[in-house]
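In: my questions concern the predicted model and sequence given below.
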Amino acid sequence: MHRLDEETLQLEKAIVQYALERVALQPPPLDGPKSEAELEALYGPNVTEDGIGGEEALRRFIEGYAPATLSSDHPRFLAFVPVAPTKAAVLFDMVVAASCISGTSWLEAAGAVHCENEALRWLADLAGMPASAGGTFVSGGSLANLSGLHAARQRMKERRDFQRPDRWRVLSSHEAHSSIASAASLMDLEVIYVPTGPDSKLTGENLAKVWSELSEEVRGSIVAVVATAGTTNAGLVDDLRSVSMFTRENDLWLHVDGAYGGAALASKERWRFEGIEFADSFVIDPHKWLFAPFDAAAILYREPKYAKHALTQEAAYLDDINKAEEWNPSSYGYHLSRRVRGLPFWFSLAVHGSRRYQEGIQSSIDLARATVAEIQRREYLELVMEPELSVVLFRRNGWDPDHYDRWSMQALRDGVGFVLPTEHHGEKVLRFCFVNPLTTLDDVRAILDSLAWEPRGR
Ligand SMILES: *Cc1c(COP(=O)(O)O)cnc(C)c1O
């Protein structure tokens, strides 16, 4: 299995050829899901005692399973947060796979970690974090948020000489991503939800109001304030200027979740993020709006030592890496073994330079603005709110919630696009999320035109 014999060489050619053809597809097929029963019926079991052979396994994937797997980089994939990797990043991901690098420690991967750290520094500079800042790449914003909150709690533990309060807590708002509540639940943190105004933004003022009602004891149990720089649902940036003033005044850890929106720091909308330079921890996902393939999220800390104290695993077999002075990525996220998943992002940044990134990110913001005009031009549609970044929320006049779901599934089946409804203030509405520079205004128009459709039957 491990030798490169004649048969394996054939397979190598076929796999590389398929991979290169997939990279060259412009656009790739959007595709769509199938039921478990349909997929089961395709070929039956693939894993057998004798193996089915490379040619057959590859054929089944290409002909059977790949078409039941959406291409998140399709220009009309506008649901969730799509992914739009550069060709350089995708191709280099193949190099990462071929290179068998353990990204755990400096000892094992000094060269690769050096490059990852260069990419992390670029992100830290976007946010205006000081020279002390550092972190690592983890699989996603969820794990990055979990890691950030661990570091924040560690600081409070050390401050309180490891005297635990009745419960550790965080302050956040209902607009924060679901992974914040999930991380809090894993860590048994209580989330105190700060009520926000009609614009749904966390501000220093609404934090101060809640703060004034807390006892000294509860205040002392708060490990962090969690702000969002680009909410997933609506693309709104919390008022980081006043939030960071509040956290500095009260000596609180500021965790900024920019998993989706942080990329807009490289756009003309940077002014919306004023105050982010005071973040104690900052999350940004290159696999969202920074043109890297899945899965790469960055977690950065102003003072990385708290993460290191909280997250370094101790064991005799790790002594050699733990006693080293150099940067061990394993100490800055909840993981030990890790793929050097930041490398495709670093490679692409090195190839293209930051200006091309700025232009690519700005193009999605410009497209969101142009989409607003297209919505306003159609009497059956209505804008829900002016977009701040690249998420556009709008309603289809006269539709009930069920219409949205049926249109959405029909549009996917017809290959018109992949767009899902969401909720805004309790109302079902439609949501576009633009991150792909290859999405055109014509793509948007085609989808909006298809909304003139009236669903028939059930
Ligand atoms: C997507 C997202 C996350 C979660 O990131 P994953 O990479 O999906 O784990 C967290 N926060 C925000 C604001 C997000 O948009």
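Out: Okay, I see it.
In: mind listing what the closest residue to the ligand within the stretch 301-450 of the chain touches?
Out: Nearest to the ligand, among the residues of the stretch 301-450 of the chain, is Cys433, at 9.2 Å (CB to the nearest ligand atom). To be clear about C-beta, it is placed using only N, CA and C from the backbone, and glycine gets the same treatment. By CB atoms under 8 Å, 6 or more residues apart in numbering, the residues touching Cys433 are 78-82, 235, 260, 390-391.
In: which of the residues you listed count as buried?
Out: For the contacts of Cys433, a burial check counting by 16 or more other CB atoms under 10 Å picks out 78-79, 81-82, 235, 260, 390-391.
In: just the ones of the contacts of Cys433 in strands?
Out: Val391 (DSSP state E).
In: the contacts of Cys433 also near the ligand: which ones?
Out: The overlap between these and the neighbours of the ligand (CB under 6 Å from any ligand atom) comes to 81, 260.
In: which single one of the contacts of Cys433 is nearest to the ligand?
Out: Checking those against the ligand by CB to the nearest ligand atom gives Tyr260 as the nearest, at 3.5 Å.
In: and the residue nearest to Arg155 when sequence neighbours are not counted, how many neighbours?
Out: Spatial nearest neighbour of Arg155, chain neighbours left out: Tyr306 (4.6 Å); criterion: CB to CB, 6 or more residues apart in numbering. Look at Tyr306: counted by other CB atoms under 10 Å, it has 23 neighbours.
In: what's the pLDDT at Tyr306?
Out: Tyr306 carries a pLDDT value of 98.
In: what helix or strand is it on?
Out: helix 305-311 (DSSP states H and E).
In: packing partners for that helix?
Out: Judged by 3 or more CB pairs under 8 Å, 6 or more residues apart in numbering; DSSP states H and E, the packing partners of helix 305-311 are helix 141-159.
In: send me the helix it packs on as PDB with only the CA atoms.
Out: The C-alpha coordinates for helix 141-159 follow below in PDB (Å, rounded to 0.1, in the frame of the first residue of the first chain):
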ATOM      1  CA  GLY A 141     -14.200  30.000  14.300                       C
ATOM      2  CA  SER A 142     -15.900  27.700  16.800                       C
ATOM      3  CA  LEU A 143     -12.700  26.300  18.100                       C
ATOM      4  CA  ALA A 144     -11.100  29.700  17.900                       C
ATOM      5  CA  ASN A 145     -13.800  31.200  20.100                       C
ATOM      6  CA  LEU A 146     -13.400  28.300  22.500                       C
ATOM      7  CA  SER A 147      -9.600  28.900  22.700                       C
ATOM      8  CA  GLY A 148     -10.000  32.600  23.100                       C
ATOM      9  CA  LEU A 149     -12.400  32.200  26.000                       C
ATOM     10  CA  HIS A 150     -10.100  29.700  27.700                       C
ATOM     11  CA  ALA A 151      -7.300  32.200  27.600                       C
ATOM     12  CA  ALA A 152      -9.600  34.900  29.000                       C
ATOM     13  CA  ARG A 153     -10.600  32.700  31.900                       C
ATOM     14  CA  GLN A 154      -7.000  31.800  32.500                       C
ATOM     15  CA  ARG A 155      -6.200  35.400  33.100                       C
ATOM     16  CA  MET A 156      -9.000  35.700  35.700                       C
ATOM     17  CA  LYS A 157      -7.900  32.500  37.400                       C
ATOM     18  CA  GLU A 158      -4.400  33.900  37.700                       C
ATOM     19  CA  ARG A 159      -5.600  37.200  39.000                       C
END
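In: now it: buried residues?
Out: So for helix 141-159, counting by 16+ other CB under 10 Å, buried means 141-157.
In: enumerate the residues of the stretch 201-350 of the chain near the ligand.
Out: Contact residues (CB under 6 Å from any ligand atom) of the stretch 201-350 of the chain with the ligand: 228, 232, 257, 259-260, 285, 297.
In: can I get those residues in CSV with pLDDT and secondary structure?
Out: Compiled in CSV, these are given as follows (pLDDT from 0 to 100; DSSP: H, G, I helix; E, B strand; the rest coil):
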residue, pLDDT, secondary structure
Thr228, 98, strand
Thr232, 97, coil
Asp257, 98, strand
Ala259, 98, coil
Tyr260, 98, coil
Asp285, 98, coil
Ala297, 98, strand
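In: got a quick PyMOL command for the buried subset of those residues?
Out: Buried residues among those (16+ other CB under 10 Å), as a PyMOL selection:
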select buried, resi 228+232+257+259+260+285+297
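In: reformat the residues of the stretch 201-350 of the chain next to the ligand as a markdown table; add distance to Pro27.
Out: Shown next, in a markdown table, are those (distance: CB to CB, whole Å):
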| residue | distance to Pro27 |
| --- | --- |
| Thr228 | 31 |
| Thr232 | 24 |
| Asp257 | 30 |
| Ala259 | 25 |
| Tyr260 | 22 |
| Asp285 | 22 |
| Ala297 | 25 |
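In: nearest to Leu25 among the residues of the stretch 201-350 of the chain next to the ligand?
Out: Comparing these against Leu25 with CB to CB places Asp285 closest, at 24.1 Å.
In: domain parsing for the protein?
Out: In the domain annotation for the chain, the residue ranges read 6-30+33-69, 92-352, 354-450 (automatic domain parsing).
In: mind putting those domains in CSV, distance to Thr86 included?
Out: CSV is the format used below for the domains of the chain (distance: least, CB to CB, whole Å):
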stretch, distance to Thr86
domain 6-30+33-69, 11
domain 92-352, 5
domain 354-450, 8
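In: ranges for the strands of the protein?
Out: Going by DSSP E, the chain shows strands at 134-138, 169-172, 190-193, 222-228, 254-257, 281-284, 297-301, 381-383, 391-396, 420-424, 427-433.
In: looking at these, which is buried most?
Out: strand 281-284 (a mean of 31; mean count of other CB atoms under 10 Å).
In: partners of it, with directions?
Out: strand 254-257 (parallel), strand 297-301 (antiparallel) (DSSP bridges).
In: ok, residues contacting the first one?
Out: In other words, strand 254-257. 127, 141, 145, 148-149, 152, 170, 176-177, 180, 224-229, 240, 243-244, 247, 262, 276, 278-283.
In: in the stretch 351-458 of the chain, where is pLDDT below threshold?
Out: 455-458 (pLDDT under 70).
In: all helices of the stretch 101-250 of the chain, in order?
Out: 106-127, 141-159, 178-186, 204-212, 216-219, 240-249 (DSSP state H, counting those that start in this stretch).
In: list the buried residues for stretch 121-128?
Out: Result for stretch 121-128 [16+ other CB under 10 Å]: buried residues 122-124, 126-128.
In: Ser71: which of those residues is nearest?
Out: Nearest member of these to Ser71, counting by CB to CB, is Leu123, at 26.5 Å.
In: one step back: using PDB, list the CA coordinates for the helix holding Tyr306.
Out: In PDB, the C-alpha atoms belonging to helix 305-311 read as follows (Å, rounded to 0.1, in the frame of the first residue of the first chain):
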ATOM      1  CA  LYS A 305       0.900  33.700  27.700                       C
ATOM      2  CA  TYR A 306      -2.600  33.200  29.100                       C
ATOM      3  CA  ALA A 307      -3.400  30.900  26.200                       C
ATOM      4  CA  LYS A 308      -0.200  29.100  26.700                       C
ATOM      5  CA  HIS A 309      -0.800  28.600  30.400                       C
ATOM      6  CA  ALA A 310      -4.400  27.400  29.700                       C
ATOM      7  CA  LEU A 311      -3.900  25.200  26.600                       C
END
